[in-house]
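>>> Need a 3D model of the following:
(one chain, ligands or ions: 1)
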Amino acid sequence: MNNEILTIDNLTKSFPTGKRTLFGKMTNKLKAVNEVSLTINKGEVLGLVGESGCGKSTLGRCILRLIEPTSGNIYFNDTNVTKLSSHELKKIRKNMQIIFQNPYSSLNPRLTINDTMMEVLKVHHMNSGDEVSTICRFLDLVGLPQDAIYRFPYEFSGGQLQRLAIMRALILNPEFLIADEAVSALDVSIQAQILNLLLDLKEKLSITMLFITHDLSVVEYVSNRIAVMYLGNIVEIADTEALFNNTLHPYTKALISAIPIPNPSLSKERIILEGDLPSPAMHIQGCRFSNRCKEQMKICHKISPKMIEVEHQHFVSCHLYDTKYSEELI
Ligand code: SF4
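Below you'll find the model as predicted:
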(Lines give C-alpha, C1' and ligand atoms only; values in the text may rest on other atoms or scores of the structure.)
Protein backbone atom coordinates (compact mmCIF):
# COMPACT_ATOMS: atom_id res chain seq x y z
CA MET A 1 0.00 0.00 0.00
CA ASN A 2 1.28 3.45 -0.92
CA ASN A 3 1.51 5.30 2.40
CA GLU A 4 3.40 8.35 1.18
CA ILE A 5 1.74 11.73 1.40
CA LEU A 6 4.72 13.75 0.15
CA THR A 7 7.58 12.73 -2.15
CA ILE A 8 10.47 15.05 -2.90
CA ASP A 9 12.42 13.96 -5.94
CA ASN A 10 15.87 15.37 -6.68
CA LEU A 11 14.96 18.88 -5.55
CA THR A 12 17.48 21.68 -6.03
CA LYS A 13 17.16 25.35 -5.16
CA SER A 14 19.94 27.67 -6.20
CA PHE A 15 20.16 31.43 -5.87
CA PRO A 16 22.19 33.60 -8.26
CA THR A 17 25.14 35.39 -6.61
CA GLY A 18 28.33 37.18 -7.64
CA LYS A 19 28.74 39.90 -10.24
CA ARG A 20 26.26 40.71 -13.02
CA THR A 21 27.51 40.06 -16.57
CA LEU A 22 26.96 42.41 -19.47
CA PHE A 23 23.69 40.62 -20.26
CA GLY A 24 22.37 40.91 -16.71
CA LYS A 25 23.08 37.31 -15.63
CA MET A 26 24.72 36.61 -12.27
CA THR A 27 28.09 34.87 -12.47
CA ASN A 28 27.75 32.38 -9.56
CA LYS A 29 25.12 30.12 -8.05
CA LEU A 30 24.54 29.35 -4.40
CA LYS A 31 22.99 25.89 -3.99
CA ALA A 32 20.89 26.13 -0.83
CA VAL A 33 19.20 22.77 -1.48
CA ASN A 34 21.16 20.22 -3.49
CA GLU A 35 19.40 17.25 -5.16
CA VAL A 36 17.32 16.32 -2.12
CA SER A 37 15.07 13.26 -2.32
CA LEU A 38 12.89 12.08 0.56
CA THR A 39 9.40 10.85 1.38
CA ILE A 40 7.01 11.59 4.21
CA ASN A 41 4.47 8.94 5.19
CA LYS A 42 0.88 9.65 6.15
CA GLY A 43 0.46 10.34 9.85
CA GLU A 44 4.15 10.59 10.73
CA VAL A 45 6.30 13.43 12.01
CA LEU A 46 9.50 13.72 10.00
CA GLY A 47 12.10 15.83 11.79
CA LEU A 48 14.47 17.81 9.58
CA VAL A 49 17.54 18.86 11.52
CA GLY A 50 20.82 20.65 10.79
CA GLU A 51 22.84 23.75 11.63
CA SER A 52 21.45 27.21 10.86
CA GLY A 53 22.05 28.00 7.19
CA CYS A 54 22.07 24.37 6.01
CA GLY A 55 19.02 24.87 3.76
CA LYS A 56 16.26 23.23 5.82
CA SER A 57 13.93 26.26 5.84
CA THR A 58 14.56 26.78 2.11
CA LEU A 59 13.50 23.17 1.53
CA GLY A 60 10.33 23.73 3.63
CA ARG A 61 9.44 26.83 1.62
CA CYS A 62 10.14 25.05 -1.70
CA ILE A 63 7.68 22.28 -0.72
CA LEU A 64 4.88 24.89 -0.51
CA ARG A 65 6.35 26.84 -3.45
CA LEU A 66 6.66 29.93 -1.30
CA ILE A 67 9.95 30.04 -3.17
CA GLU A 68 10.25 28.34 -6.55
CA PRO A 69 12.53 25.29 -6.74
CA THR A 70 15.19 25.43 -9.47
CA SER A 71 14.73 21.79 -10.49
CA GLY A 72 13.22 18.53 -9.26
CA ASN A 73 9.68 17.49 -8.39
CA ILE A 74 7.43 17.54 -5.33
CA TYR A 75 4.46 15.16 -5.25
CA PHE A 76 1.69 15.74 -2.72
CA ASN A 77 -0.82 12.87 -2.80
CA ASP A 78 0.37 12.09 -6.36
CA THR A 79 -0.11 15.70 -7.55
CA ASN A 80 3.08 17.27 -8.87
CA VAL A 81 3.14 20.55 -6.92
CA THR A 82 5.96 21.99 -9.07
CA LYS A 83 3.73 21.86 -12.18
CA LEU A 84 0.64 23.55 -10.71
CA SER A 85 -0.68 26.91 -11.92
CA SER A 86 -1.12 29.62 -9.28
CA HIS A 87 -4.88 28.91 -9.16
CA GLU A 88 -4.30 25.16 -8.60
CA LEU A 89 -1.56 25.95 -6.10
CA LYS A 90 -3.95 28.04 -4.00
CA LYS A 91 -6.34 25.09 -3.81
CA ILE A 92 -3.66 22.63 -2.72
CA ARG A 93 -2.20 25.07 -0.16
CA LYS A 94 -5.40 24.65 1.87
CA ASN A 95 -4.11 21.14 2.49
CA MET A 96 -0.47 22.12 3.08
CA GLN A 97 0.11 24.71 5.76
CA ILE A 98 3.14 26.18 7.52
CA ILE A 99 3.91 27.65 10.95
CA PHE A 100 6.81 30.09 11.02
CA GLN A 101 9.42 30.68 13.70
CA ASN A 102 8.43 34.16 14.80
CA PRO A 103 4.86 34.41 16.11
CA TYR A 104 5.24 38.20 16.57
CA SER A 105 5.57 38.82 12.83
CA SER A 106 3.29 36.08 11.53
CA LEU A 107 0.02 37.75 12.62
CA ASN A 108 -1.25 41.09 11.31
CA PRO A 109 -1.10 43.53 14.30
CA ARG A 110 -4.03 45.58 12.91
CA LEU A 111 -6.49 42.71 12.79
CA THR A 112 -8.34 41.08 15.67
CA ILE A 113 -8.07 37.31 15.92
CA ASN A 114 -11.60 37.10 14.55
CA ASP A 115 -10.67 39.18 11.47
CA THR A 116 -7.46 37.20 10.89
CA MET A 117 -9.23 33.84 10.99
CA MET A 118 -12.20 35.12 8.94
CA GLU A 119 -9.79 36.27 6.25
CA VAL A 120 -8.11 32.85 6.13
CA LEU A 121 -11.47 31.08 5.83
CA LYS A 122 -12.68 33.50 3.19
CA VAL A 123 -9.55 33.22 1.01
CA HIS A 124 -10.00 29.43 0.95
CA HIS A 125 -13.80 29.60 0.45
CA MET A 126 -14.58 28.03 3.82
CA ASN A 127 -16.92 30.79 4.98
CA SER A 128 -20.05 28.72 5.44
CA GLY A 129 -21.83 31.24 7.68
CA ASP A 130 -20.83 29.52 10.90
CA GLU A 131 -17.29 30.89 11.09
CA VAL A 132 -17.51 32.31 14.62
CA SER A 133 -18.32 28.91 16.12
CA THR A 134 -15.48 27.35 14.04
CA ILE A 135 -13.06 29.99 15.38
CA CYS A 136 -14.26 29.41 18.96
CA ARG A 137 -13.85 25.63 18.56
CA PHE A 138 -10.27 26.08 17.36
CA LEU A 139 -9.49 28.58 20.14
CA ASP A 140 -10.57 25.86 22.52
CA LEU A 141 -8.43 23.27 20.69
CA VAL A 142 -5.27 25.40 21.02
CA GLY A 143 -5.99 26.12 24.69
CA LEU A 144 -7.08 29.77 24.49
CA PRO A 145 -10.23 31.33 26.00
CA GLN A 146 -13.09 32.20 23.67
CA ASP A 147 -12.93 35.90 24.57
CA ALA A 148 -9.56 35.96 22.71
CA ILE A 149 -11.56 36.21 19.50
CA TYR A 150 -11.95 40.01 19.71
CA ARG A 151 -8.43 40.78 20.95
CA PHE A 152 -5.46 42.09 18.93
CA PRO A 153 -2.09 40.24 18.66
CA TYR A 154 -0.31 42.73 21.00
CA GLU A 155 -2.57 41.57 23.84
CA PHE A 156 -1.01 38.07 23.82
CA SER A 157 2.27 36.59 25.09
CA GLY A 158 4.75 34.87 22.71
CA GLY A 159 3.46 31.39 23.60
CA GLN A 160 -0.17 32.47 23.08
CA LEU A 161 0.72 34.05 19.73
CA GLN A 162 2.33 30.79 18.60
CA ARG A 163 -0.89 28.97 19.63
CA LEU A 164 -2.77 31.43 17.39
CA ALA A 165 -0.31 30.86 14.52
CA ILE A 166 -0.90 27.12 14.89
CA MET A 167 -4.65 27.74 14.94
CA ARG A 168 -4.48 29.83 11.77
CA ALA A 169 -2.71 26.96 9.99
CA LEU A 170 -5.03 24.26 11.32
CA ILE A 171 -8.38 26.03 10.91
CA LEU A 172 -8.27 24.97 7.22
CA ASN A 173 -8.09 21.29 8.25
CA PRO A 174 -4.85 20.64 6.34
CA GLU A 175 -3.49 17.13 5.85
CA PHE A 176 0.11 18.28 5.97
CA LEU A 177 1.81 20.83 8.19
CA ILE A 178 5.34 22.27 8.14
CA ALA A 179 6.52 23.56 11.50
CA ASP A 180 9.56 25.70 10.67
CA GLU A 181 11.53 26.29 13.91
CA ALA A 182 8.08 26.65 15.51
CA VAL A 183 9.37 26.73 19.08
CA SER A 184 12.85 28.25 18.62
CA ALA A 185 11.75 31.82 19.45
CA LEU A 186 9.96 30.79 22.67
CA ASP A 187 11.14 30.48 26.28
CA VAL A 188 12.19 26.94 27.21
CA SER A 189 9.24 26.58 29.63
CA ILE A 190 6.79 27.49 26.84
CA GLN A 191 8.54 25.29 24.23
CA ALA A 192 7.41 22.07 25.95
CA GLN A 193 3.78 23.29 26.07
CA ILE A 194 3.75 24.15 22.37
CA LEU A 195 5.44 20.86 21.40
CA ASN A 196 2.85 18.90 23.39
CA LEU A 197 0.06 20.96 21.83
CA LEU A 198 1.37 20.22 18.32
CA LEU A 199 1.61 16.48 19.04
CA ASP A 200 -1.86 16.47 20.59
CA LEU A 201 -3.40 18.29 17.59
CA LYS A 202 -1.54 16.05 15.15
CA GLU A 203 -3.32 13.04 16.69
CA LYS A 204 -6.73 14.72 17.04
CA LEU A 205 -6.76 16.13 13.50
CA SER A 206 -4.80 13.31 11.74
CA ILE A 207 -2.05 15.57 10.43
CA THR A 208 1.28 14.63 8.87
CA MET A 209 4.09 16.95 9.87
CA LEU A 210 7.52 18.08 8.71
CA PHE A 211 9.20 19.47 11.83
CA ILE A 212 12.18 21.69 10.99
CA THR A 213 14.60 22.58 13.77
CA HIS A 214 18.29 22.96 14.63
CA ASP A 215 17.69 21.36 18.06
CA LEU A 216 18.27 17.59 18.11
CA SER A 217 16.75 17.06 21.55
CA VAL A 218 13.52 18.74 20.38
CA VAL A 219 13.44 16.69 17.18
CA GLU A 220 14.02 13.48 19.16
CA TYR A 221 10.97 14.27 21.28
CA VAL A 222 8.53 14.94 18.44
CA SER A 223 9.66 12.84 15.44
CA ASN A 224 8.98 9.33 14.22
CA ARG A 225 11.82 9.63 11.69
CA ILE A 226 14.65 12.13 11.34
CA ALA A 227 16.47 13.48 8.27
CA VAL A 228 19.80 15.21 8.92
CA MET A 229 20.79 17.99 6.54
CA TYR A 230 24.24 19.44 5.90
CA LEU A 231 25.00 22.22 3.44
CA GLY A 232 21.94 21.56 1.29
CA ASN A 233 22.25 17.76 1.29
CA ILE A 234 20.43 15.10 3.29
CA VAL A 235 23.21 13.02 4.87
CA GLU A 236 21.27 10.53 7.02
CA ILE A 237 17.64 9.40 7.39
CA ALA A 238 16.36 6.85 9.89
CA ASP A 239 13.73 6.11 12.51
CA THR A 240 14.35 8.29 15.56
CA GLU A 241 15.42 5.35 17.73
CA ALA A 242 17.78 3.94 15.08
CA LEU A 243 19.34 7.35 14.47
CA PHE A 244 20.14 7.84 18.15
CA ASN A 245 21.13 4.23 18.95
CA ASN A 246 23.11 3.50 15.81
CA THR A 247 24.32 6.83 14.47
CA LEU A 248 26.23 6.39 11.22
CA HIS A 249 27.19 9.70 9.63
CA PRO A 250 30.13 11.59 11.23
CA TYR A 251 28.10 14.84 11.10
CA THR A 252 25.12 13.28 12.89
CA LYS A 253 27.53 11.85 15.49
CA ALA A 254 28.90 15.35 16.13
CA LEU A 255 25.39 16.84 16.46
CA ILE A 256 24.28 14.13 18.90
CA SER A 257 27.45 14.48 20.97
CA ALA A 258 26.55 18.15 21.50
CA ILE A 259 23.21 17.40 23.22
CA PRO A 260 23.65 18.26 26.92
CA ILE A 261 22.96 15.48 29.46
CA PRO A 262 20.91 16.73 32.45
CA ASN A 263 23.05 14.71 34.90
CA PRO A 264 26.41 16.18 36.04
CA SER A 265 27.70 12.76 37.19
CA LEU A 266 27.48 11.39 33.64
CA SER A 267 29.98 12.39 30.99
CA LYS A 268 30.18 11.71 27.28
CA GLU A 269 32.73 12.34 24.60
CA ARG A 270 32.03 15.55 22.72
CA ILE A 271 32.94 15.66 19.03
CA ILE A 272 33.92 19.23 18.24
CA LEU A 273 33.45 20.22 14.62
CA GLU A 274 36.27 22.45 13.45
CA GLY A 275 35.53 25.55 11.41
CA ASP A 276 32.21 27.06 10.49
CA LEU A 277 29.61 25.75 8.10
CA PRO A 278 31.13 26.64 4.69
CA SER A 279 29.18 28.92 2.36
CA PRO A 280 26.86 27.00 0.04
CA ALA A 281 28.32 29.18 -2.74
CA MET A 282 31.73 27.54 -2.22
CA HIS A 283 32.60 24.72 -4.62
CA ILE A 284 33.61 21.62 -2.65
CA GLN A 285 34.63 18.60 -4.67
CA GLY A 286 33.46 15.25 -3.32
CA CYS A 287 31.71 15.09 0.04
CA ARG A 288 30.50 18.53 1.16
CA PHE A 289 31.41 17.65 4.79
CA SER A 290 34.98 16.61 3.91
CA ASN A 291 36.70 19.80 5.14
CA ARG A 292 35.28 19.27 8.67
CA CYS A 293 35.16 15.48 8.88
CA LYS A 294 37.62 13.71 11.19
CA GLU A 295 37.11 10.43 9.30
CA GLN A 296 37.77 11.79 5.82
CA MET A 297 39.58 9.59 3.28
CA LYS A 298 41.14 10.32 -0.11
CA ILE A 299 37.99 9.35 -1.96
CA CYS A 300 35.95 11.88 0.05
CA HIS A 301 37.70 14.74 -1.77
CA LYS A 302 37.04 13.24 -5.21
CA ILE A 303 33.58 11.66 -5.34
CA SER A 304 30.31 12.75 -3.72
CA PRO A 305 28.87 9.90 -1.64
CA LYS A 306 25.49 8.51 -2.72
CA MET A 307 22.64 7.76 -0.34
CA ILE A 308 22.72 4.03 0.54
CA GLU A 309 20.48 1.90 2.76
CA VAL A 310 22.77 0.44 5.42
CA GLU A 311 20.02 -1.14 7.54
CA HIS A 312 16.29 -1.43 6.96
CA GLN A 313 15.06 2.14 6.36
CA HIS A 314 18.34 3.60 7.63
CA PHE A 315 19.98 5.60 4.85
CA VAL A 316 23.32 7.38 4.93
CA SER A 317 25.39 9.32 2.45
CA CYS A 318 29.01 8.54 3.42
CA HIS A 319 31.87 6.57 1.84
CA LEU A 320 32.57 4.83 5.17
CA TYR A 321 29.54 2.60 4.47
CA ASP A 322 29.95 2.23 0.73
CA THR A 323 31.77 -1.00 -0.07
CA LYS A 324 32.01 -0.53 -3.82
CA TYR A 325 35.22 1.52 -3.89
CA SER A 326 38.60 -0.23 -4.03
CA GLU A 327 41.13 -0.07 -1.24
CA GLU A 328 43.56 2.19 -3.12
CA LEU A 329 40.92 4.92 -3.52
CA ILE A 330 40.45 4.89 0.24
FE1 SF4 B 1 33.48 12.02 6.21
FE2 SF4 B 1 34.11 10.97 3.89
FE3 SF4 B 1 31.88 10.23 5.08
FE4 SF4 B 1 32.10 12.66 4.01
S5 SF4 B 1 32.14 10.71 2.92
S6 SF4 B 1 31.27 12.15 5.99
S7 SF4 B 1 34.24 13.14 4.45
S8 SF4 B 1 33.98 9.91 5.80
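>>> ok, the closest residue to Leu255 other than its chain neighbours - how many residues close by?
Spatial nearest neighbour of Leu255, chain neighbours left out: Leu216 (5.4 Å); criterion: C-beta to C-beta, 6 or more residues apart in numbering. In short, each C-beta sits where N, CA and C put it, glycine included. Using other C-beta atoms under 10 Å, Leu216 has 21 neighbouring residues.
>>> Show the contacting residues for Leu216.
Neighbour list for Leu216: Val49, Leu255, Ile256, Ala258, Ile259 [criterion: C-beta atoms under 8 Å, 6 or more residues apart in numbering].
>>> I figured the third one hits Phe244, correct?
If I follow you right, that is Ile256. Yes: counting by C-beta atoms under 8 Å, Ile256 touches Phe244, with 6.6 Å between them.
>>> if we can go back for a sec, return the member of the contacts of Leu216 nearest to Val188.
Taking C-beta to C-beta as the measure, Val188 lies nearest Ile259 of those, at 14.4 Å.
>>> tell me the average confidence for stretch 14-30?
Mean per-residue pLDDT for stretch 14-30: 75.
>>> Quick check: residues of the protein near the ligand?
Neighbours of the ligand within the chain, by C-beta under 6 Å from any ligand atom: 250, 287, 289-290, 293, 295-297, 300, 305, 318-320.
>>> Now intersect these with the helices, please.
Pro250 (DSSP state H).
>>> quick revisit: want to throw the contacts of Leu216 into a markdown table with neighbour count?
Converted to a markdown table, those look like this (neighbours: other C-beta atoms under 10 Å):
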| residue | neighbour count |
| --- | --- |
| Val49 | 24 |
| Leu255 | 23 |
| Ile256 | 17 |
| Ala258 | 13 |
| Ile259 | 13 |
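>>> Tell me which entries of the residues you listed lie within strands.
Counting by DSSP state E, the part of these found in strands is Val49.
>>> What is the nearest of the contacts of Leu216 to the ligand?
The closest of the contacts of Leu216 to the ligand turns out to be Leu255 (C-beta to the nearest ligand atom; 12.6 Å).
>>> my read: the closest one touches Tyr230, true?
No: using C-beta under 8 Å as the test, Leu255 is too far from Tyr230 to be in contact (9.3 Å).
>>> Mind checking which residue lies nearest the centre of this structure?
Residue closest to the mean C-alpha point of the chain, counted by C-alpha atoms, centre = their mean, is Ile212 at 3.0 Å.
>>> what's near enough to touch that one?
Gly47, Leu48, Val49, Lys56, Ser57, Leu59, Gly60, Ile178, Ala179, Asp180, Glu181.
>>> Looking at those residues, spot the one nearest Asn114.
Taking C-beta to C-beta as the measure, Ala179 is the one of those closest to Asn114, at 24.4 Å.
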